[in-house]
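Q: Mind looking at a prediction? Sequence and model below.
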Amino acid sequence: MRVFRSQGGCVAIRTLSPSSSINRYSHAHGSAPGPAASDDATCGTPTWIGKGLTCVCFKRKGTYERICINLTPQQEERLRRLKHRMKVYFDASRPDHQEALRALWAATYPDRELHGLISDQWKEMGWQGKDPSTDFRGAGFISLENLLFFAKTFSTSFQRLLRKQGGKRAAWEYPFAVAGVNITFMLMQMLDLEATKPRTFVRSVFLQMLSDNEWAFDLLYCVAFVVMDKQWLERNATYMEFNDVLKSTRAQLERELLMDDVLQIEEMPSYSLLS
């Protein structure tokens, strides 16, 4: 991302190490930062700059990089397309949405015939009832796209989580498909993509990753799912603890995205959990 210079406020953030805390310094009215911020927390210029912008500085691989809300044309286009995906509601009357559901079934159970888009068979995948369309209301069509991407891209991990293989499982397990919809919704909130201006550093980091890979959101979804399941097992959690596990999953994803050497989704430590 590019840095545009003018007068105004700036927020500087430095990541000291993957496990370190993040120091934040803000200068909203043009005065100089205090002594504690004089060296490390700068935007690379003698004065704070960027009217109407948020400039973020962080250390990676021994150098400081800057992220501002000014996006390249490619980033703007990819963000626009991702936002559009997020706004599409699931419509059971649309042929393309119906076909996506059938594709999800085929990717999940390649050797089993689907009897109908409304069928008790869907409960086996972890939907709340026999009509999965009623479960997409929280996150929309993109949550179906995420599940389908996971099933096709990382089929081994997808099947392992679907079938609750590995580890000591609780008697009351989380429903796989509904958990997937919740993960999509959690990521939409975490990345704050609908905001006009960046309100979180994680969002800015993700936008940089999106410029490198248009499927960054879908890849992050797959990472989030395996992280959630891992934490579920480590906590020996039950269904009533799902929201707590989801919160800790979000916290771990945020920590990994802010690590010094994580410049793309594939470099996140938890990406290695996928197979």
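A: Received, thanks.

Q: in the protein, which spans are strands?
A: Per DSSP state E, the chain carries strands over the ranges 10-15, 22-27, 56-60, 63-67.

Q: Least reliable of these by average pLDDT, please.
A: Of all the strands of the chain, the minimum mean pLDDT falls on strand 22-27 (a mean of 31).

Q: how far away is residue 156 from residue 266?
A: 17 Å (Cβ to Cβ, to the nearest Å). For every residue, glycine as well, the C-beta is placed using N, CA and C.

Q: if you count what's nearby, which of these two comes out ahead?
A: It is residue 266, of residue 156 and residue 266, that has more neighbours when counted by other Cβ atoms under 10 Å, with 15 against 9.

Q: Please tell me how far that one sits from residue 216.
A: Counting by Cβ to Cβ, the gap from residue 266 to residue 216 is 10 Å.

Q: Just read off the phi/psi values of residue 170.
A: The phi/psi pair for residue 170 (degrees, to the nearest 10) reads phi -80, psi 160.

Q: my read: residue 114 touches residue 102, true?
A: Yes. With contact defined as Cβ atoms under 8 Å, residue 114 counts as touching residue 102 (6.4 Å).

Q: Contacts for stretch 145-153, please.
A: Residues outside stretch 145-153 that contact it (Cβ atoms under 8 Å, 6 or more residues apart in numbering): 85, 100, 103-104, 107-108, 157-158, 177, 180, 183-184, 215, 217-218, 221-222, 225.

Q: Dump the C-alpha coordinates for stretch 172-186 into CSV.
A: Output of stretch 172-186 as CSV, limited to C-alpha atoms (Å, rounded to 0.1, in the frame of the first residue of the first chain):
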residue,chain,number,x,y,z
TRP,A,172,-22.2,-32.9,22.7
GLU,A,173,-20.2,-31.8,19.7
TYR,A,174,-20.5,-28.6,17.7
PRO,A,175,-22.6,-29.0,14.5
PHE,A,176,-20.0,-28.9,11.6
ALA,A,177,-21.9,-26.9,9.0
VAL,A,178,-23.5,-24.4,11.4
ALA,A,179,-20.0,-23.9,13.0
GLY,A,180,-18.8,-23.0,9.5
VAL,A,181,-21.4,-20.3,9.1
ASN,A,182,-20.5,-18.8,12.5
ILE,A,183,-16.8,-18.8,11.5
THR,A,184,-17.6,-16.8,8.4
PHE,A,185,-19.5,-14.3,10.5
MET,A,186,-16.7,-14.1,13.0
